[in-house]
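A.B. asks: Predicted model follows, preceded by the sequence.
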Amino acid sequence: MRILFIHPNYHSGGAEIAGNWPPAWVAYLAGALKENGFDDVHFIDSMTHDIDDERLKEMIEELNPDIVGCTAITPSIYKAENVLKMAKEVAPNAVTILGGIHATFMYRQVLAEAPFVDAIVRGEGEEIMVEVAKAVAEGRWMETRSSIKGLAYVVDGLVIATPAAPTVKNLDAIKADWSILDWPKYNYIPLGVRVAIPNMARGCPFTCSFCSQWKFWRDYRIRSPKAVVDEIIELRDKHGVGFFILADEEPTINRKKFVAFCQELIDRDVGLLWGINTRVTDILRDEALLPFYRKAGLIHVSLGTEAAAQLKLDLFNKETTVAQNKKAVQLLRDAGIVVEAQFIVGLENETAETLEETYRMACDWKPDLANWSMYTPWPFSDLFKELGDKVEVFDYEKYNFVTPIMRPDAMDRAELLDRVMNNYRRFYMKKALFSYPFAGTGDRRKYLWGCLKAFLKAGFERKFYDLGKVDYWGPQSKKKVHFDFDLTRERANDEDVEWQVTHNRKNNTMHEAAVAMACGGGKEQMAEDDAPLMAAPLHGGRQQMDEQHACAGNGAQDACGCDADCGCESDKRAKSGPPRTTFTIGGAKPNPVKVSHENAGA
Ligand code: B12
Ligand code: SF4
């Protein structure tokens with residue numbers, strides 16, 4: 001049986017400007033399939049190879065697959081839908097599957113607008129995809145799909161969602177198959193070497209209101225540091241990888257494991273440079289460890305720092321956090337690590353003054369790199385709901401951190417973009433003239449010059465921040481900038497889909513503190529004892545997570561989706577009620593007449 005995975009050809013001028021990045025999802029899925037005897041697995045990376053629709057159709061037809069699987073984050077959803085549409089046209093007998101974060105939550109809307117999608121895999125794909133492949137291979141897909149957890153599909157105009165599958169409990173059992181990728185293409189411009197994105201931990205114990213990641217992964221799990229380093233050595237030796245970033249949301253949350261990971265890299269003399277995204281509070285906590293992290297090869301830390309507009313609202317918080325941010329930047333630089341400060345801008349309370357303030361902070365803290373991302377209201381995030389009618393644009397293709405989805409009360413979107421560009425121009429001009437040339441010698445200097453090269457390349461090609469697409473040529477072009485939102489796209493009412501995480505913001509009394517922080521929300525630290533570790537939900541008491549029960553096994557969390565006899569509300573309902581949620585297709589609202597998992601038992 002032949003399985004074909006496709007990464008859609010979506011581009012937006014953010015992180016991509018640093019090079020071509022290998023899609024990790026396909027390596028993890030292909031690895032799980034291989035372990036289960038499916039070895040006729042193919043992959044087309046239409047994004048990296050910039051494959052147009054006609055060519056892609058030909059390639060699908062030539063391969064004649066039995067299953068076509070595609071991935072989508074929110075901005076690539078329409079491209080992914082189109083991939084599966086084309087797949088149905090040229091390989092009508094193939095089962096078309098869509099996975100990834102967007103469809104996990106927005107499955108009702110997606111299935112309504114994309115009838116050529118046979119099923120959506122909700123959540124982590126490894127175990128569910130193996131079930132799907134087995135069902136298709138054994139010719140029992142149509143009859144048995146209802147018994148596979150973690151799917152959504154349509155039957156006679158009704159959207160059926162089977163109960164959520166449990167999260168993958170033993171991450172170490174997954175052996176990624178990185179050989180599925182066409183490695184020479186994955187080049188990281190700053191260093192001119194191949195790049196990989198291995199995954200050490202999944203999930204985040206914090207619950208920032210603007211973020212979707214903690215919801216998607218549901219509980220926090222971490223692999224053995226030794227196994228991750230085995231994988232990195234394989235990437236280096238078999239595939240020529242010279243740089244990696246950890247795909248984890250917050251790799252330093254579990255300090256004990258992170259230290260073990262660094263030690264393993266040192267002991268085994270791995271000799272690669274690598275990067276992470278993490279929180280200011282973790283850097284302050286680990287001040288004494290930073291030289292050790294650097295020795296393990298850590299060269300780039302991207303720090304979540306707050307949005308000025310939020311800081312302005314909270315003067316006390318501002319004083320402490322600004323001082324902390326500045327200190328974290330300094331500590332990293334002192335340890336010889338390139339530091340990038342991320343600012344989220346474009347919330348409705350953004351003003352010219354707050355944007356200017358982020359520039360002043362960037363100059364004052366002296367990070368090596370600074371990033372101004374447009375606030376993007378993921379439609380399944382808590383903040384999206386809280387913002388209500390203030391979100392006016394539902395054209396998800398533009399939900400990409402570089403298009404202003406929100407319109408601040410004090411300025412229009414073009415003005416916002418112009419002021420952000422003004423910050424970039426001034427910041428990098430200063431860096432290029434007065435900082436990078438004096439950045440010493442060795443890895444740090446090489447890395448910084450490489451980053452500048454990537455910026456210049458993207459600027460020259462007009463890909464940076466999608467400036468070419470929106471026709472921005474500097475302040476004089478402000479009036480002509482066009483974002484081309486598709487305003488026919490409507491808000492979905494997919495907010496209350498059945499999907500539970502181990503922790504939620506309702507339990508967190510002070511969750512607002514995280515509202516406008518970049519990834520780095522929450523100041524709590526994870527307990528130092530061994531896995532299974534589940535840090536206290538923000539400001540809540542400390543909880544240990546039961547390995548088998550995403551609900552902590554105490555029934556306090558509703559509908560955990562685990563398959564153990566934990567006695568939680570979800571478990572009771574699963575035993576007493578119909579095993580799935582049904583909704584009518586096409587209507588934005590769930591059909592109240594239909595029995596749902598939620599009202600079946602409780
Ligand atoms: C690495 C990365 C990138 C790489 C992309 C590499 C690549 N080619 O895939 C680069 C740097 C290029 C990038 C760019 C962007 N990224 Co990015 N990126 C990440 C990051 C850090 C890790 C993603 C990852 O590999 N995770 C590990 C894998 C294993 O998880 P996964 O992809 O979710 O796959 C699992 C499941 O989703 C599921 N699954 C996924 N696909 C499929 C398909 C099938 C058929 C099945 C069955 C299952 C399945 O199974 C997988 C295994 O369990 C995440 C943040 C994070 N920590 O996750 C952000 C993240 C995915 N990026 C995000 C965004 C917005 C972007 C950009 C738009 C930003 C920008 N303008 O630069 C661009 C878009 C690029 C593009 N053209 O698609 C957002 C998406 C949010 C959302 N709700 O949609 C995230 C979550 C960051 C965030 N903080 O919000 N990114
Ligand atoms: S700390 Fe906040 S922003 Fe970062 S992954 Fe966790 S929930 Fe998301």
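C.D. replies: Now that the structure is in, tell me what you want to look at. Numbers count the residues shown, from 1 in each chain. Ligands and ions are numbered 1, 2, ... in the order given.

A.B. asks: how about the residues of the stretch 351-500 of the chain near ligand 1?
C.D. replies: Residues of the stretch 351-500 of the chain found near ligand 1 (C-beta under 6 Å from any ligand atom) are 378, 400-402. Placement of C-beta: from N, CA and C, glycine included.

A.B. asks: In PyMOL, how would I select the buried members of those residues?
C.D. replies: To isolate the buried members of these in PyMOL, using 16 or more other C-beta atoms under 10 Å:
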select buried, resi 378+400+401+402
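
A.B. asks: need the longest helix for this protein.
C.D. replies: Longest helix in the chain, counting residues (DSSP state H): helix 413-434.

A.B. asks: Let's see that helix as PDB, backbone CA atoms only.
C.D. replies: Taking Å, rounded to 0.1, in the frame of the first residue of the first chain, the C-alpha atoms of helix 413-434 are listed here in PDB:
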ATOM      1  CA  ARG A 413      -3.100  48.600   9.200                       C
ATOM      2  CA  ALA A 414      -0.800  50.300   6.600                       C
ATOM      3  CA  GLU A 415       0.300  52.700   9.200                       C
ATOM      4  CA  LEU A 416       1.000  49.900  11.600                       C
ATOM      5  CA  LEU A 417       3.100  48.100   9.000                       C
ATOM      6  CA  ASP A 418       5.000  51.200   8.200                       C
ATOM      7  CA  ARG A 419       5.900  51.900  11.800                       C
ATOM      8  CA  VAL A 420       7.000  48.300  12.300                       C
ATOM      9  CA  MET A 421       9.200  48.600   9.200                       C
ATOM     10  CA  ASN A 422      10.600  51.800  10.600                       C
ATOM     11  CA  ASN A 423      11.600  49.900  13.700                       C
ATOM     12  CA  TYR A 424      13.300  47.200  11.600                       C
ATOM     13  CA  ARG A 425      15.100  49.700   9.400                       C
ATOM     14  CA  ARG A 426      16.500  51.700  12.300                       C
ATOM     15  CA  PHE A 427      17.400  48.600  14.400                       C
ATOM     16  CA  TYR A 428      19.300  46.700  11.700                       C
ATOM     17  CA  MET A 429      21.000  49.700  10.200                       C
ATOM     18  CA  LYS A 430      22.400  50.400  13.700                       C
ATOM     19  CA  LYS A 431      23.400  46.800  14.100                       C
ATOM     20  CA  ALA A 432      25.100  46.500  10.700                       C
ATOM     21  CA  LEU A 433      27.100  49.700  11.200                       C
ATOM     22  CA  PHE A 434      27.900  49.700  14.900                       C
END
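
A.B. asks: Check whether stretch 383-399 comes near ligand 2.
C.D. replies: No: using C-beta under 6 Å from any ligand atom, no contact is recorded between stretch 383-399 and ligand 2, whose separation bottoms out at 10.9 Å.

A.B. asks: And that stretch, end to end?
C.D. replies: Chord length of stretch 383-399, first to last residue, is 15 Å (C-alpha to C-alpha, to the nearest Å).

A.B. asks: So stretch 168-180, near ligand 1 or not?
C.D. replies: No: counting by C-beta under 6 Å from any ligand atom, ligand 1 has no neighbours in stretch 168-180; the shortest distance is 6.9 Å.

A.B. asks: any idea of the mean pLDDT in that stretch?
C.D. replies: Mean pLDDT, stretch 168-180: 95.

A.B. asks: now stretch 19-28
C.D. replies: pLDDT averaged over stretch 19-28 gives 97.

A.B. asks: Return the distance of that stretch from the chain's centre.
C.D. replies: Offset of stretch 19-28 from its chain centre (C-alpha atoms, centre = their mean, to the nearest Å): 13 Å.

A.B. asks: Export it to PDB, keeping only CA atoms.
C.D. replies: Provided in PDB are the C-alpha atoms of stretch 19-28 (Å, rounded to 0.1, in the frame of the first residue of the first chain):
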ATOM      1  CA  GLY A  19      16.400  29.200   4.600                       C
ATOM      2  CA  ASN A  20      14.600  26.000   3.700                       C
ATOM      3  CA  TRP A  21      13.300  24.200   6.800                       C
ATOM      4  CA  PRO A  22      12.600  20.500   6.800                       C
ATOM      5  CA  PRO A  23       9.100  19.500   7.800                       C
ATOM      6  CA  ALA A  24       9.400  17.500  11.000                       C
ATOM      7  CA  TRP A  25       5.800  16.200  10.900                       C
ATOM      8  CA  VAL A  26       6.500  13.900   8.000                       C
ATOM      9  CA  ALA A  27       9.600  12.400   9.500                       C
ATOM     10  CA  TYR A  28       7.700  11.500  12.700                       C
END
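
A.B. asks: Tell me which helix or strand Glu490 sits in.
C.D. replies: Glu490 belongs to no helix or strand when elements are defined using DSSP states H and E.

A.B. asks: So it sits against Asp395, correct?
C.D. replies: No: Glu490 is not in contact with Asp395 according to C-beta atoms under 8 Å; the separation is 10.0 Å.

A.B. asks: who's more crowded, these two?
C.D. replies: Taking other C-beta atoms under 10 Å, Glu490 and Asp395 do not tie; Asp395 has more neighbours (17 against 9).

A.B. asks: who are the neighbours in contact with that one?
C.D. replies: If you count contacts by C-beta atoms under 8 Å, 6 or more residues apart in numbering, Asp395 has them with 485-487, 489.

A.B. asks: Only the buried subset of the residues you listed, as a ChimeraX command please.
C.D. replies: The buried subset of the contacts of Asp395, as determined by 16+ other C-beta under 10 Å, is captured in ChimeraX by this line:
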select :485,489
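
A.B. asks: ok, the residue in the stretch 301-450 of the chain that ligand 2 sits nearest to - how many residues close by?
C.D. replies: Across the stretch 301-450 of the chain, no residue is closer to ligand 2 than Gly304, which sits at 6.4 Å (C-beta to the nearest ligand atom). A count of nearby residues for Gly304, using other C-beta under 10 Å, gives 22.

A.B. asks: Cheers, nothing more for now.
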